[in-house]
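In: quick one: sequence and predicted model below, then my questions.
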Amino acid sequence: MNNQEAINALQMVRQANPLVHNITNVVVTNFTANGLLALGASPVMAYAKEEVADMAKIAGALVLNIGTLNPTEVEAMIIAGKAANEAGVPVIFDPVGAGATPYRTETARNIASAVQLSVIRGNAAEIANTIGESWTIKGVDAGEGSGDVVSLAKKAAKQLKTVVAITGKEDVVTDGNTTYIIRNGHPLLTKVTGTGCLLTSVIGAFAAVERDVLKAAAAALVIYGVAAEIAAKNAGDEGPGSFQIAFLDALFRVGADEISRYGRIERGE
Ligand SMILES: Nc1ncnc2c1ncn2[C@@H]1O[C@H](COP(=O)(O)OP(=O)(O)O)[C@@H](O)[C@H]1O
Ligand SMILES: Cc1ncsc1CCOP(=O)(O)O
Ligand SMILES: [Mg+2]
């Protein structure tokens, strides 16, 4: 995986405009839809258990996000996930806040066992809690803590039989055998709610067009991080509000030049 492959994957997203079915949280819904549109994908949010299977089957990817979970929605997520599995549609999971409450942790584990995931994306604490590992949590959603993130990612990949992306200052993505480290991004991403959730959906857009899921996830991470760097430059030091707008613009405009110049992806151990 290298910058050129990420560029190729981005071109495929923009050509195919893949339909990404999101069952996500109420905080990030609009930002997620606009971020996917800016990138070049086609978002849809559909939650009713009466329709989620039909929607998941026609989508290029299904994204499940438990940020504001409730039992009705969780039931719909599992119905959608199983339908996607049957139809060969990749399922991307964001276990938002796993570890913060027992219900969230249990639900993250239930979804990960009921549905065959293609990618799980979260911060280190969320991934650790989803696989029952202890992790010193300093912030509920900040993913701060201590431990070896690469080992955690590999362990989760083997346990869940899926590609695992752990994000933070540096991102790690692995299928348990091959690992990439991505050193892009900007601290302002942590000051805008939903940037993790949108990233999970962006991984969905790439997984819809690139069959190699590890490559798809790595491409998404590097392009997202480069877009954040462009946004921070363009928004100057105004703060999170201007950054959020500049970031949507950067997802729309980011291209081969910036990715080849600024992409920092390398093979890990
Ligand atoms: N300190 C940081 N510096 C640069 N980029 C960061 C930093 N923290 C997180 N990111 C980036 O922010 C995005 C969201 O990741 P993260 O904050 O881990 O998600 P979540 O909001 O779900 O915890 C990712 O692209 C990640 O690389
Ligand atoms: C604030 C909040 N509360 C429940 S979901 C959510 C959004 C979390 O988004 P992200 O993990 O992308 O920052
Ligand atoms: Mg998150």
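Out: Here it is on my side, so go on. Ligands and ions are numbered 1, 2, ... in the order given.
In: Ala38: what's it in contact with?
Out: Ala38 makes contact with 248-249, 251-252, according to Cβ atoms under 8 Å, 6 or more residues apart in numbering. All C-beta spots, glycine's among them, are computed from the backbone N, C-alpha and C.
In: near the residue in the stretch 51-200 of the chain that ligand 3 sits nearest to, how many other residues are there?
Out: Using Cβ to the ion, the single residue of the stretch 51-200 of the chain nearest to ligand 3 is Gly196, 3.1 Å away. Residue neighbour count, defined by other Cβ atoms under 10 Å, stands at 23 for Gly196.
In: just confirm yes or no for the helix or strand harbouring it near ligand 1.
Out: Using DSSP states H and E, Gly196 falls within helix 195-209. Yes. Counting by Cβ under 6 Å from any ligand atom, ligand 1 has neighbours in helix 195-209: 195-196, 199.
In: picking that back up, just among the contacts of Ala38, which is most surrounded?
Out: Leu251 (24 neighbours).
In: name the nearest residue to that residue, sequence neighbours excluded.
Out: Nearest non-adjacent residue to Leu251, counting by Cβ to Cβ, 6 or more residues apart in numbering: Ala38, 4.1 Å away.
In: is the longest helix seen in the chain anywhere near ligand 1?
Out: The residue-count maximum for a helix in the chain (DSSP state H) belongs to helix 213-235. Yes. Judged by Cβ under 6 Å from any ligand atom, helix 213-235 and ligand 1 are in contact via 224-225.
In: does ligand 2 sit close to that helix?
Out: No. Helix 213-235 stays clear of ligand 2 (Cβ under 6 Å from any ligand atom), getting no nearer than 11.8 Å.
In: what are the buried residues along that helix?
Out: Buried residues in helix 213-235, counting neighbours by 16 or more other Cβ atoms under 10 Å, are found at 213-232, 234-235.
In: which stretch of helix or strand covers the residue nearest to Leu251?
Out: Secondary structure assignment for Ala38, by DSSP H and E: helix 29-39.
In: hang on, the residue of the stretch 51-200 of the chain closest to ligand 3 packs against Asp94?
Out: Yes. Contact status for Gly196 versus Asp94: in contact at 7.0 Å, counting by Cβ atoms under 8 Å.
In: what touches both of these two?
Out: Common contact partners of Gly196 and Asp94 (Cβ under 8 Å, 6+ apart): 121-122.
In: neighbours of Ser242, how many?
Out: 16.
In: which residues are in contact with it?
Out: By Cβ under 8 Å, 6+ apart, the contact list for Ser242 reads 235-236.
In: how close does the residue nearest to Leu251 get to Val44?
Out: Distance, Ala38 to Val44, using Cβ to Cβ, to the nearest Å: 16 Å.
In: what does Asn123 give?
Out: The value you get for Asn123 to Val44, if Cβ to Cβ is used, is 26 Å.
In: these two: who's more crowded?
Out: A direct count of neighbours by other Cβ under 10 Å for Asn123 and Val44 places Asn123 higher, at 26 against 13.
In: so that one makes contact with Thr195?
Out: No. Here Asn123 does not reach Thr195: they are 11.3 Å apart, not a contact under Cβ under 8 Å.
In: who touches both of these two?
Out: Common neighbours of Asn123 and Thr195, counting by Cβ under 8 Å, 6+ apart, are absent.
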